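Asker: The following block contains a protein sequence and its predicted model.
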Amino acid sequence: MSDDVAPEPGFRGLSAERTKAFVDAVVAIAMTLLILPLMESVGESAGNDHTTWEWLVDQRDQLQSFLISFVLIAMFWMLHHRLFVSVQRITPALMWITVAWMLTIVWMPVVTALTGQIADDALQKVLYIGPLVVASGVLLVTRVHLARHLGLHSASRKDLRLGMSIDLSMIVLFLAALAIALVFPPVGYLGLLVMFLTGPVQNVTARMLR
């Protein structure tokens, strides 16, 4: 990536503050919706006179899905928040890119309920992990857009390159997790543990970008 791109003369764009607030609200609602299937199951268990332990056993898959999805959404929000801290203006194109990213986030409560309540299959894994790949890809597109429109933000080229290396490493690892889940069905969503390799993979992608 070249460091000699200059800001567009006179280019201002729209204020990014309302977009940032909207993104935060969408993420907060998505994280809240994750809990709804568990709330409904409490009433069902109470109606069947189940004990707390019986509820935990019955809902173990839903609890696992909830925790994984909660952590993933929180992780994506942190990445997006850190990126947009330096953004002061926003173009219509960047706004639509952000809307695309939000679509991947609001999908998570739906597929989380699906994984916890419907028998596991290959399509279910694609519907769960696939959007995570897309979310990482959209973040990468966001950084590329910002790199081409320096008048929108105060982030340094170094910070953008670092973020791109993180996005690329996440794309690679989410694809690896999807492959593991499909090839080794018993492993299932535990394949997402490969995300702990983000650091080493990010170091490789960072060298590639340099």
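Answerer: Arrived safely.
Asker: Let me know the helix or strand that residue 185 is in.
Answerer: Counting by DSSP states H and E, residue 185 is held by no secondary-structure element, helix or strand.
Asker: and the residue lying closest to it once chain neighbours are set aside, how many residues sit next to it?
Answerer: Using C-beta to C-beta, 6 or more residues apart in numbering and skipping the chain neighbours, the partner closest in space to residue 185 is residue 120 (7.2 Å). Backbone N, C-alpha and C define where each C-beta goes, glycine included. By the criterion of other C-beta atoms under 10 Å, residue 120 has 15 neighbours.
Asker: ok, residue 120 touching residue 186?
Answerer: No - using C-beta atoms under 8 Å, residue 120 is not in contact with residue 186; the gap is 9.8 Å.
Asker: hang on, the earlier thing: wait, a strand at the residue nearest to residue 185?
Answerer: No - Residue 120 is assigned coil when assessed by DSSP: H, G, I helix; E, B strand; the rest coil, not a strand.
Asker: Relative to residue 38, how far out is it?
Answerer: The spacing between residue 120 and residue 38, counted by C-beta to C-beta, to the nearest Å, is 18 Å.
Asker: Phi first, then psi, for the residue nearest to residue 185.
Answerer: phi -70, psi 140 (degrees, to the nearest 10).
Asker: Look up how far residue 133 lies from it.
Answerer: Going from residue 120 to residue 133 by C-beta to C-beta gives 19 Å.
Asker: any idea where the helices of the protein begin and end?
Answerer: 17-33, 36-47, 52-58, 60-84, 92-106, 108-117, 122-148, 157-183, 198-209 (DSSP state H).
Asker: May I see these arranged in JSON lines, with distance to residue 190 as well?
Answerer: As requested, the helices of the chain are exported to JSON lines (distance: least, C-beta to C-beta, whole Å):
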{"stretch": "helix 17-33", "distance to residue 190": "22"}
{"stretch": "helix 36-47", "distance to residue 190": "20"}
{"stretch": "helix 52-58", "distance to residue 190": "19"}
{"stretch": "helix 60-84", "distance to residue 190": "9"}
{"stretch": "helix 92-106", "distance to residue 190": "22"}
{"stretch": "helix 108-117", "distance to residue 190": "12"}
{"stretch": "helix 122-148", "distance to residue 190": "12"}
{"stretch": "helix 157-183", "distance to residue 190": "8"}
{"stretch": "helix 198-209", "distance to residue 190": "16"}
